[in-house]
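Colleague: I would like the atomic coordinates for the input below:
(one chain, ligands or ions: 1)
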Amino acid sequence: MSEVKPVIGLEVHCQLTNLKTKLFCSCPADYRGKPPNTNICPVCIGEPGSLPVLNREALISALKVAIALRADISRFIYFSRKNYFYPDLPKNFQISQYDGAGGIPIARDGSLDIGDRVVRIRRIQLEEDPGRIVYEGTITSSTGLLIDYNRSGIALVEIVTEPDIGSPREARIFLERLRSLLEYIGVFDGGLEGAMRCDANISILGGGRVEVKNISSFHDVEKALSFELARQKQRMLRGLGVIRETRHWDSRRRITVSLRVKEEEQDYRYFPEPDLPPIIVTDALIEEARGAMPMLPYEKIDIYVSKYGLSRGLAELLVSSKALSELYDKIVECYGKPDRVASWVIGELLPLLDKLGVKIQDSKAKPEDIAYLLRCMDEGIVDKSVVQPILRSMVLEGSRPSVEAGYRLESRMEEVDVDRIIEEVVEMEKEAFHDAIRNPKALNYLVGLVVRRSGGRADPREVYKILSKKVKEYRRGGV
Ligand SMILES: [Zn+2]
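Modeller: Down below sits the predicted model:
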C-alpha cells in the first residue's frame, strides 16, 4: 500500500504580525513576553456590554493577502459569530467569517503555486485569535490548565485550501511558500513563535477524514501527516477502517492522539455578528491595498527568467525568501551580471551562511561590498583561496573586503573619478540635494546613487564625507 495517495487539505492561521493593535480593540498586538493577562481589555476578553471596532489596517492587510493569493475579493462582507464553549474564549464565541449559511468571507477561490502543482485556496477570512491555554504536562495527562488572554483578539487570517495536496512533503512546501509570500507583502513575520499554526485534514482510500490539530511548524506538518498517513494505512490493512475524528499532534512524542469526534459545522451555530456593521469593500480600498504591495515572488520569478535569463529553478531559489531576493537585487544593481551573481549567491554565499549559522537578514555583508569583492575576483586581484575568509569577516563583522584583498583595488579606485560622479549626481538630483540641506538623512539616498553610478567602486563612507561637506558649503552660501 506504499503507493496510496492521501488527500490533504490545510487550514492555516497566520497572525497579521504587522499590526500595532488587536483586531477589535486598541490593546497592543505585541503580546509576546508579557506577564500573563496584562495585555487585555473588556473587548478582547469579551466582558458583557463591550463593543468591538474593526481595525482598518487589519482589513487592508487581509486584502493584501487575498490579492497575493489571486483570490476573488468579496465586495460586501460581514463577520459571523462562531459559537463554542472553551476556556480560551471567555465570551463563548469567536468573531470570525464563514462561507456557509449565507456568510461571506473576505475572499474566495485563490491559488498558490508549489513548484509544478497549483493548490487552490477555498477561502480567506479574517478572525480573532483566542487566548492561549498552557497545560501542565501534556494535553492528555494534564490535571490542570492555565489560561493567558494576552493573545485573545489578535488578528488572524485563516487560509483554507481545497484538498489538492498530495503528500506530507507537499504540505510542508505549501506552508513554506505561503510563509514566504506573506513575508513579501509585509504582513507577517514567520520568525515569531506561534505566528503560523495549521490544522490538516487527511484521508486515504475513501476512509474518514481526520483533522490533525496543533501543528506549529513546517517540519511538524510533514512529520504529523506522515505519522497519520502510516496510521491510517495500518488500519486499512487490518480492515479496521478510519473513523472521522479530530486528533492532536503531540510534537514531543511525535504521534497524533485522538481528541474528540469532530464537530459538525452546524454545531457552531454561526450567525451574523450584530455588533459589527457589514463592510463594503470599495475599489478605493482594494487599490489602497494593492498600491502598498511590493513585487510578488511569482512576478519576480518571471522577471528573473525573462529579463535576466536565469533558469526557473534558480529564480525560485532566489525568491524563496524575501531577504535573499532583496540582497540579490541590490548586488545586481551595484555589479550587473545577474546570472553570475545568482550562481555565486546560491553556490558560495548561502553555503557559507549555512556553515556560520547566520540568517541572510542577520548577515552584515553589505551588497555594495559584495559587488566590490566580486569585481576584485573578476580582476584577478583576490585569489580564490582568500575569498572565504574575507567573506566570513564581511558577514560576521560587516568589514569591507579586507585590506590585504582590497588594497590593490583601492589604487585602481583612483581611476574612478568620485568627485566627478558626485557633481553629476548633485546636478541630476537637485531636489534631493536641497532636501539633504534640511534633512541630513536624505544624504544616504544620494550616497547610494553615487556608489551605484561608480559601479560599486566608490567607498560609501568617503562619498558621504564629500557630500556632507558640499551640503555644509551650500548652506553657508557658496557651492
Ligand atoms: Zn483588548
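Colleague: Residue 187 and the ion, how far apart?
Modeller: Per C-beta to the ion, to the nearest Å, residue 187 is found 20 Å from the ion. Every residue, glycine included, has its C-beta placed from N, CA and C.
Colleague: Over to that residue. Which of the three states is it?
Modeller: In three-state terms, and counting by DSSP: H, G, I helix; E, B strand; the rest coil, residue 187 is coil.
Colleague: Please name the residues that touch it.
Modeller: Taking C-beta atoms under 8 Å, 6 or more residues apart in numbering, we find residue 187 in contact with 16-18, 61, 64-65, 157.
Colleague: Out of these, which sit inside helices?
Modeller: Taking DSSP state H, the ones among those that sit in helices are 61, 64-65.
Colleague: just to revisit the earlier point, out of the contacts of residue 187, which end up buried?
Modeller: 16-18, 61, 64-65, 157 (16 or more other C-beta atoms under 10 Å).
Colleague: Which of those residues sits closest to the ion?
Modeller: Distances from the buried ones among the contacts of residue 187 to the ion were compared by C-beta to the ion; the smallest belongs to residue 16, at 15.4 Å.
Colleague: circling back to that earlier point, can you add distance to residue 454 and pLDDT and give the ones in helices among the contacts of residue 187 back as TSV?
Modeller: Listed next are these as TSV, based on distance: C-beta to C-beta, whole Å; pLDDT from 0 to 100:
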residue	distance to residue 454	pLDDT
61	39	96
64	37	96
65	40	96
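Colleague: So which of those residues reach the ion?
Modeller: For the ion, no contacts are drawn from the ones in helices among the contacts of residue 187 by C-beta under 5 Å from the ion.
Colleague: Now do the contacts for residue 327.
Modeller: Taking C-beta under 8 Å, 6+ apart, we find residue 327 in contact with 345, 360, 363, 367.
Colleague: give me the number of residues near the last one?
Modeller: By that I understand residue 367. Look at residue 367: counted by other C-beta atoms under 10 Å, it has 20 neighbours.
Colleague: which residues of the stretch 1-150 of the chain fall in helices?
Modeller: Listed in chain order, the helices of the stretch 1-150 of the chain (DSSP state H, counting those that start in this stretch) span 56-68.
Colleague: pLDDT below threshold where in it?
Modeller: Residue ranges of the stretch 1-150 of the chain with pLDDT under 70: 1-2, 101-102, 139.
Colleague: domain parsing for the chain?
Modeller: The chain breaks down by automatic domain parsing into domains covering 7-289, 311-415, 416-479.
Colleague: among these, which is nearest residue 300?
Modeller: Ranking the domains of the chain by proximity to residue 300 (C-beta to C-beta) places domain 311-415 first, at 4.9 Å.
Colleague: Look up how far the ion lies from residue 98.
Modeller: For residue 98 relative to the ion (C-beta to the ion), the value is 23 Å.
Colleague: I figured that residue hits residue 106, correct?
Modeller: No. Residue 98 lies out of contact with residue 106 (C-beta atoms under 8 Å); the separation is 11.3 Å.
Colleague: and for the two, which residues touch both?
Modeller: residue 125.
Colleague: by contact count, what packs against the longest helix that the chain contains?
Modeller: The longest helix of the chain (DSSP H) is helix 218-237. Helices and strands touching helix 218-237, by 3 or more C-beta pairs under 8 Å, 6 or more residues apart in numbering; DSSP states H and E, are helix 168-184, strand 196-203, strand 210-215, strand 245-250, strand 255-260.
Colleague: Distance from the chain centre to it, please.
Modeller: 27 Å (C-alpha atoms, centre = their mean, to the nearest Å).
Colleague: Can you name the residues in contact with that helix?
Modeller: With C-beta under 8 Å, 6+ apart, helix 218-237 has contacts from 1, 4, 6, 8, 10, 168-169, 171-172, 175-176, 179, 198, 200, 202-205, 207, 210, 212, 215, 241-242, 247, 249, 251, 254-256.
Colleague: quick revisit: out of the buried ones among the contacts of residue 187, which comes closest to residue 118?
Modeller: Nearest to residue 118 out of the buried ones among the contacts of residue 187 is residue 65 (C-beta to C-beta; 17.4 Å).
Colleague: Perfect, I'm done here.
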